[in-house]
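Visitor: Return atomic coordinates for the entry below.
(3 chains)
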Amino acid sequence: MTDTILHPDRLFPPDPAVRSLARSLYEDIANLPIVSPHGHTDPQWFAQNQPFSDAASLFLTPDHYVLRLLRSRGIAYDALGVPRKDGAPVADARSAWRTLCNHWRLFAGTPSELWLAHSLSRYFGIDQPLSSQTADQTFDAINARLADPALRPLAILDAANVEVIATTEFALDGLEHHKAITANGLGARIRTTYRPDDITDPDAAGFAQNLQHLSDLTGENTALWSGLIKAHGTRRAFFRAHGATATDHGVPSAMTADLAGHEKQALLDGALAGTLDAGQAEQFRAQMLTEMAGLSAEDGMVMQIHAGSHRATDPWLQATHGRNLGDDIPTRTNFVDGLAALLARYGNANNFRLIAFTLDESTYARELAPMAGYWPALMVGPPWWFHDSPNGIRRYLDAMHESAGFHNLAGFNDDTRALLSIPARHDVWRREISGFLAGLVAQHRITRSTAAETARWLAYDAAKSAYRLP
Amino acid sequence: MTDTILHPDRLFPPDPAVRSLARSLYEDIANLPIVSPHGHTDPQWFAQNQPFSDAASLFLTPDHYVLRLLRSRGIAYDALGVPRKDGAPVADARSAWRTLCNHWRLFAGTPSELWLAHSLSRYFGIDQPLSSQTADQTFDAINARLADPALRPLAILDAANVEVIATTEFALDGLEHHKAITANGLGARIRTTYRPDDITDPDAAGFAQNLQHLSDLTGENTALWSGLIKAHGTRRAFFRAHGATATDHGVPSAMTADLAGHEKQALLDGALAGTLDAGQAEQFRAQMLTEMAGLSAEDGMVMQIHAGSHRATDPWLQATHGRNLGDDIPTRTNFVDGLAALLARYGNANNFRLIAFTLDESTYARELAPMAGYWPALMVGPPWWFHDSPNGIRRYLDAMHESAGFHNLAGFNDDTRALLSIPARHDVWRREISGFLAGLVAQHRITRSTAAETARWLAYDAAKSAYRLP
Amino acid sequence: MTDTILHPDRLFPPDPAVRSLARSLYEDIANLPIVSPHGHTDPQWFAQNQPFSDAASLFLTPDHYVLRLLRSRGIAYDALGVPRKDGAPVADARSAWRTLCNHWRLFAGTPSELWLAHSLSRYFGIDQPLSSQTADQTFDAINARLADPALRPLAILDAANVEVIATTEFALDGLEHHKAITANGLGARIRTTYRPDDITDPDAAGFAQNLQHLSDLTGENTALWSGLIKAHGTRRAFFRAHGATATDHGVPSAMTADLAGHEKQALLDGALAGTLDAGQAEQFRAQMLTEMAGLSAEDGMVMQIHAGSHRATDPWLQATHGRNLGDDIPTRTNFVDGLAALLARYGNANNFRLIAFTLDESTYARELAPMAGYWPALMVGPPWWFHDSPNGIRRYLDAMHESAGFHNLAGFNDDTRALLSIPARHDVWRREISGFLAGLVAQHRITRSTAAETARWLAYDAAKSAYRLP
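Guide: Purely as a prediction, here's the structure:
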């Protein structure tokens, strides 16, 4: 076998008969359009379609997966060119790229290696592993190639056959880039998503000012619970006008609540006064999730909950460099008790759909599969973040499908900030579902034709259906 | 390979050499008698031996696995013919059957598909997947065939080679059907099980009346803790006289307690007065488990604990249709702290045996295997409910055997309400243990002859031994 | 295939191509020296180099893995020759050995069977499974062979190619045997480890006396927090002088704290007075872990945390026979919240290294891999205790490497009291990493040459590097 991690049969099961089945299933779905209904690409890229600047700012400094693993082996973020809060100088792009190349072996077997190798090969013709020897050469080659119009953001979407992609913006965002995107006729292809954490989490920076800003934008009295909810409704409509079909909620736990009006107002009063304790802040977020479910039941926006990330666990990193740089760690999550209040209230509402994401794999077979296999409103999102990986996908499919079936799964999300990695990530998913379904066929658990239908569902249709994309 | 999920090699590992080993192990155990020591079939079937009425009431309306997955995709229970509490009309049997057939593809790869396909093929000669096209035809064919004496309940037991089966009755049950069964000479084959949740759980409907009823039945003063325990002893003897060798306890957590006499009486006083809070109700159940262990140590009945199901999570369903229809969801369970009090008290008692079942797979390798591999009294029940499935069985065996060995496992339970699925479920278990043991042989971890002995143990002897069946 | 569990291809994946790859990877690492940086062998063996006395005291009575599984099937510890606290007579060695042989089939498929079979074959030429028939014969053969100089402890180290081994001693230990070892010129090969649970856990037997003893040894006032920490520093230096490069901390949870000075002193006052409640005792241990991290950051000793064992769960066993005999059971562990205080304080300290071990496999992919893949100070120890087994190693590698990479893993620890099992345990690890890496190569996820480098890293270099062994 060819000694490369981009072998055409990569990720397929080793048994020859199963591999052959996997390959044939994969061939039918490999070139389906990409539906990317949740992610964190920058809408400015698509609005302005400017070239990316250099290899390091493309592949290294924005990628917390890569940064964190280098840091874990003692490499300072300064040496990787990660900007500091105090503005002190950090390594320049070339130097940072060299550091990455010098330590490339640390990524052996990780999804980052696979995604990056795929991107380097596909877009830059670089087929050898990064190394100290080739650091300068690859840096220069990448930079030179970035001037090519084929590597502008919109050309990348075309080349990757991206049918539709959603970015994620906070509730107070003016959606300037999405306005430009819509003006360019791309509104149906490049959509936004309503992510109101800045106004639903009393622990968010500047929460009281955010609510004042919300009031200014909507004309509602956001110091009243009812006004706050109305203001959400206004912003959600604004986001829908820019293509949003979904909302997204990043919460430390899956806790929801269904409180009385005076309790809700008391929480809001405390949140504005900054007097909530940790338990009350969780109650606030918990009630807000239920309110968002209620609005979704009215306006039809698909609600996503990404629960269970303990954010910003390293105080030193927060002080020196800031957020989203690798120190967010998963925690145990309880969906059964957590979602009870929300589901009791809206779990049977006709128009309501909730897609739940977890970082706690022990909830797959124990909680989410049984729940999604019962509640009409609930679907399960794909493996997320640390679990968006070959093994992670296998554990997910193994634990999920027997109780949830395949039709309560929401297909795939790449959930990435790294534009070039999108086809790589979808390709991993498509290879993994092909391998998994081939295994079921080989054990006579489904037929070959069911496997083909299911592969197509999981690779393409499920995401469109789950997110109500036309 | 033949494109059917009832292929003779179904579920076996794909590698040709391992598959061949698995097949040979399976052939030796495939036709062993079925021992079904825990389940929920209706004793009336065996007492009266009447034909089943129609396809829907046989395969659909009593099967919460099937109902829930249809409902999860938006199909109303009314359309599936599930009776309503308000008596309003629901779909008739033929219409419900059509709805099932129309959505059959939702079950692709689920154990329900496998069980149902197996039953349809074996008993009704239906070898094609259900579909809209064949709905009426299969409905009529099944109904016609149900008149055949070969499809009466006792004939089904014979055809399936069921050596012994246990039903499950609540503590206040008069065991009328078991009396008839015993009178018919079938008492050793069709046994009952003592399941006293109605008188051990203060949250049970009509708890105080239940205790009064218990007093009437036994002549004990069930308002006194000592009288209540004596009354249990009387009922347990009554159940043993109708074949019971085991008790069963469905509890939301595995919590046990070992309280002083005055604390126990205070809990009972509160339970009768309806004044226990949630924590006290749990204490009551916790103490009751320890009391049941004490009685088991005296009378030799094998104690089963089915822990960790959060019951009746959908208030709407409870209001409209009722219990056991798919809205019970597993939760995290803590056996180490939970069983501590009970095991400290009775874990070394000579005559005591406890079989623990979990819905929390994270407890397999972390808690139950180490505990069963230490405590003489403790065995682990087979994968239960959502985990009674090919993947579930694989995860169970993988996580369990290294620390518990094979001889602390209690063999298989089908735990079903669906009579016709019993052979299908035991067949899945037998195929899976054959495949698993074949894998161990292929890796030279056990010898072929040990695999054969272990397969027989897990398929047949373990259940008889664990449940003290003669 | 040969019908023996010591087949040369044992544990390798069944697929012929993958097996061939695994075998070739294994051949390159099979004979690397053994690095055993954490374990519980008795330093007296190496100091005095006396022969072992008999088969039972070598293989049975000190091995809690073996004892517990026999006990779980109803065999009394008295019958296994485990000494009683009351001094009452127990079975003699020959009788105990017979009991083991009579029940050998209970170990089918367990790691104990594999380790023992490996030891019996390698050191005693016994290649048949133990059985009733051969009990006396094997007992006599083993005893006869024990007189051979080749079976003295130091000869066993030589034959097993043990480059370095660390024992574990409590903080108050005089290290008499290690003094003799050092005097014999073996100090660099046979090292101690600082395990201060006796003076860091207020629940330890004789805690107040232990602190007085510590004061006597060091001249520090151990009733003052600052004096207590200084005394630790003195003892750590003493241990380093006897080869220690690491400390080890056995704690029921992973909880750490970072309290103010007066809070620490108040905890110490309470601990000495014996007035701490359970929560305060946990706070004491939690703060102590952070103090130990601080000392490690100063003196460079590698800190190990073995968290999550609920010790001594059977009061009867504790009363009759005592500790470490099989009744310790894993519990759920929370590393994210638990280690937060310690890591916030020392997670970025240059010289600090923490190796975390868990018995809760659900933390592998959810907590430890993400944490080790971020924090420079943190590495993950190998699968421990119940999870040091073929399946346990597979689950560990599967869940760990994608987020942690291979270079945040600390290689292998045998962690054993059973000297003869050391090569067997390292052999299982080496076979399993070979099989796992072969699977990655077969799926083109790493190259053959990366697999070879990684195999060598995990088999040998990682342990030396992680434990700062020269």
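
Visitor: those helices in the stretch 201-350 of chain A, which residues are they?
Guide: A:207-218, A:225-240, A:261-273, A:278-299, A:315-320, A:335-338, A:340-346 (DSSP state H, counting those that start in this stretch).

Visitor: What average pLDDT does the fifth one get?
Guide: So that's helix A:315-320. Across helix A:315-320, pLDDT averages out at 97.

Visitor: now for the helices of the stretch 201-350 of chain A, which one comes closest to chain C?
Guide: helix A:315-320 (5.0 Å; C-beta to the nearest C-beta). C-beta coordinates here come from the backbone N, C-alpha and C atoms, glycine included.

Visitor: Can I get the closest one in CSV? Just the C-alpha atoms.
Guide: Taking Å, rounded to 0.1, in the frame of the first residue of the first chain, the C-alpha atoms of helix A:315-320 are listed here in CSV:
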residue,chain,number,x,y,z
PRO,A,315,-6.6,32.3,33.3
TRP,A,316,-3.0,33.0,32.1
LEU,A,317,-4.0,32.5,28.5
GLN,A,318,-7.1,34.7,28.9
ALA,A,319,-4.9,37.4,30.4
THR,A,320,-2.3,37.3,27.7
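
Visitor: For that helix, list every residue counted as buried.
Guide: For helix A:315-320, burial by neighbour count (16 or more other C-beta atoms under 10 Å in any protein chain shown) applies to A:317, A:320.

Visitor: May I see the helices of the stretch 201-350 of chain A arranged in JSON lines, with distance to chain B as well?
Guide: Listed next are the helices of the stretch 201-350 of chain A as JSON lines, based on distance: least, C-beta to the nearest C-beta, whole Å:
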{"stretch": "helix A:207-218", "distance to chain B": "32"}
{"stretch": "helix A:225-240", "distance to chain B": "23"}
{"stretch": "helix A:261-273", "distance to chain B": "20"}
{"stretch": "helix A:278-299", "distance to chain B": "14"}
{"stretch": "helix A:315-320", "distance to chain B": "30"}
{"stretch": "helix A:335-338", "distance to chain B": "5"}
{"stretch": "helix A:340-346", "distance to chain B": "5"}
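
Visitor: among those helices, which is nearest B:L157?
Guide: B:L157 lies closest to helix A:335-338 among the helices of the stretch 201-350 of chain A, at 36.9 Å (C-beta to C-beta).

Visitor: How about the closest one and chain C, touching?
Guide: No. Using C-beta under 8 Å from any C-beta of the partner chain, helix A:335-338 stays clear of chain C, with a minimum separation of 14.3 Å.

Visitor: Rounded mean pLDDT for that helix, please.
Guide: pLDDT averaged over helix A:335-338 gives 98.

Visitor: Equivalent analysis for stretch A:383-396, please.
Guide: pLDDT averaged over stretch A:383-396 gives 98.

Visitor: Just the terminal-to-terminal distance for that stretch.
Guide: 6 Å (C-alpha to C-alpha, to the nearest Å).

Visitor: Can you tell me how far the residue in the stretch 51-200 of chain A that chain B sits nearest to is from B:K85?
Guide: Chain B sits closest to A:G109 of the stretch 51-200 of chain A, with a gap of 21.8 Å, by C-beta to the nearest C-beta. Per C-beta to C-beta, to the nearest Å, A:G109 is found 56 Å from B:K85.

Visitor: Neighbour count: the two, which is higher?
Guide: Higher neighbour count among A:G109 and B:K85: A:G109, with 24 against 10, using other C-beta atoms under 10 Å in any protein chain shown.

Visitor: The most centrally placed residue in chain A: what secondary structure?
Guide: For chain A, the residue sitting closest to the mean C-alpha position, by C-alpha atoms, centre = their mean, is A:D415 at 2.2 Å. Classification of A:D415 using DSSP: H, G, I helix; E, B strand; the rest coil returns coil.

Visitor: isn't A:G250 right up against A:H306?
Guide: Yes. In this structure, A:G250 is within contact of A:H306 by C-beta atoms under 8 Å, at 4.9 Å.

Visitor: List phi and psi for A:I165.
Guide: Torsion angles at A:I165 (phi, psi; degrees, to the nearest 10) stand at phi -140, psi 140.

Visitor: what number of residues lie near the nearest residue to it once chain neighbours are set aside?
Guide: Of all residues not flanking A:I165 in the chain, A:S36 sits nearest, at 4.2 Å (C-beta to C-beta, 6 or more residues apart in numbering or on different chains). Using other C-beta under 10 Å, A:S36 has 28 other residues around it.
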